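J.: This is the structure alone, sequence omitted:
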């Protein structure tokens, strides 16, 4: 039976690359028949990384079969996985997020969660010396995943170990980290083809603060102006997205990668109050700039207050 | 701040030894101030292991302080931990059981779960080459934990890796595996000081089959006759234990380590029906012998049927 390896819905670079890397390892090193899959179209950065390193785009699946063997990477949250995930035979979980609960396994399985910036860094450590056998595309995907999740080491989630693994891979491959990261972030910033509703859901997590259900969305970009030019349309799209997704409000943070700051859109008084209570800022217009805010996991979610 | 390292309530050898080993590693290798603790009196086998290897009995604690740093080993089940566990700052979990859910962490932490027979085997792998620095008592505790959880390799939970680690440790220490295991199992079999109610709760897990809440208890022994001689008193104690613990029935399996079989006590028709449905046996008296049944995790729980 083939083991399917996949990450979360709305796959970013880590949830696209890590399944490819781990499936390579299972097939070529462990002798376990495995294939990478995606739970949706990869984002523009992930699509660039696939093409740049000559990797096939994994099959997109929308559910799992009962009893099917699966490995889950880059999430342990059932809300980010197919609704029928617990019907599968989950054989391993590799992740770098807070333990949420809700995944069911038939017995004890391999679970490796580490407080690192990126799943691919954990996979690097699990593969160990066998990484020497990996082709360029696999090592390149690993490097790209870590650069993506760390925003080229700008994100406060970055650990010394994530950085050291990147530098080792880049030296091995003869790749300039800054060149690759620049191309990746340009690809991520090219969002011209997406509707406002798609942008609001592209990199989004559900979170409840007090009694308010939030969709906390981020868009990491090197071209914030392109998004800010669509500010009115984005705010106009929020009520319908919130309603469809059973949330009260959408918080959209436009993360300016190069200037290391976030701009939060403030469509109404509820969001204004949340912004002021959470970030100690004073909001006068329909946006507020939050200097140094780069990470939803480390800086946004832990600070959210009603 | 000192990090407390502990296993589950009613500590057996693995939940006594693994905290001692991991706290040694944190203190002596990682430079993290740590101390092992126990969530109750160690069982007679674990007490023997402490004395045999000259290890201090860890402090027994009944709860945790809010914000206190803790590492949990040998369980991920809140029901087997202090009621206030989620008030602590859980910094790592090392375990070999099915993921249950219910533990809450402030952010991403180190979680290592492996389908091996024993937590100490996982700890062996995590420590790696630094184990060479460990004193005899730490290596001895590691060996004892694995012999305990594998019942000297008789349990079907035993993996080749558990066995290989034991054999390496025994060779390193110049210890006869069979001599040590024999003494440990004799200590575990010496249950003369315990009341029937204590015996029914000594190594017990809650499990629901259909609508029937069960306390599934095992007693591993090399002297099953001692326990079977107390059969009537054990069965007489079951209704009160079940009532106090909010269960409908107590299933007590007396595991004969040397003969590799279990004897289930059958106090009533409900247990008789569960036994016949679960193990395909025919019950005529108030006990039934189940040849080859050694492991609650692998052979009892997965087979239980109403």
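T.: Yep, it's here. These numbers were taken from a predicted model, which means no experiment stands behind them.

J.: Quick one: neighbours of the closest residue to residue A:210 other than its chain neighbours, just the number.
T.: Spatial nearest neighbour of residue A:210, chain neighbours left out: residue A:306 (3.2 Å); criterion: CB to CB, 6 or more residues apart in numbering or on different chains. Using the backbone N, CA and C atoms, a C-beta is placed for each residue, glycine as well. Using other CB atoms under 10 Å in any protein chain shown, residue A:306 has 13 neighbouring residues.

J.: Point me to the helix or strand that includes residue A:306.
T.: If you go by DSSP states H and E, residue A:306 is not part of any helix or strand.

J.: unless I'm mixing things up, it is touching residue A:277, no?
T.: Yes - contact criterion CB atoms under 8 Å: residue A:306 and residue A:277 qualify, at 6.7 Å.

J.: Show the pLDDT at whatever residue of chain A ends up closest to chain B.
T.: When CB to the nearest CB is the measure, chain A has its nearest residue to chain B at residue A:101, with 3.3 Å between them. Model confidence at residue A:101, expressed as pLDDT, equals 84.

J.: Specify the local secondary structure of it.
T.: Secondary structure, DSSP: H, G, I helix; E, B strand; the rest coil: residue A:101 is coil.

J.: Please verify my assumption that it contacts residue B:86.
T.: No - at 11.4 Å, residue A:101 does not count as touching residue B:86 under the criterion of CB under 8 Å.

J.: Quick check: neighbours shared by the two?
T.: Counting by CB atoms under 8 Å, 6 or more residues apart in numbering or on different chains, the residues touching both residue A:101 and residue B:86 are residue B:103.

J.: follow-up on the earlier one: for the residue nearest to residue A:210, what are its contacts?
T.: Under the criterion of CB under 8 Å, 6+ apart, the neighbours of residue A:306 are A:209-212, A:273-274, A:277.

J.: Among those residues, pick out the one closest to residue B:68, please.
T.: Ranking these by separation from residue B:68, with CB to CB as the measure, puts residue A:209 on top at 26.0 Å.

J.: Hmm, that closest one is touching residue A:271, no?
T.: No - in this structure, residue A:209 sits apart from residue A:271 without contact. The criterion is CB under 8 Å, and the distance is 11.3 Å.

J.: quick one: the least confident helix or strand in chain A by mean pLDDT to chain centroid distance?
T.: Each helix and strand of chain A was given a mean pLDDT (mean pLDDT, DSSP states H and E); the minimum falls on strand A:204-209 at a mean of 90. Strand A:204-209 has its average C-alpha position 15 Å from the chain's average C-alpha position, going by CA atoms, centre = their mean, to the nearest Å.

J.: go on, stretch A:97-110?
T.: Here stretch A:97-110 is found 20 Å from its chain centre; the criterion is CA atoms, centre = their mean.

J.: in it, what counts as buried?
T.: Applying a neighbour-count criterion of 16 or more other CB atoms under 10 Å in any protein chain shown, one finds A:97-101, A:103, A:105, A:108-110 buried in stretch A:97-110.

J.: For stretch A:191-209, which residues meet the burial criterion?
T.: Neighbour counts using 16+ other CB under 10 Å place A:191, A:194, A:196-197, A:199-205, A:207, A:209 of stretch A:191-209 among the buried residues.
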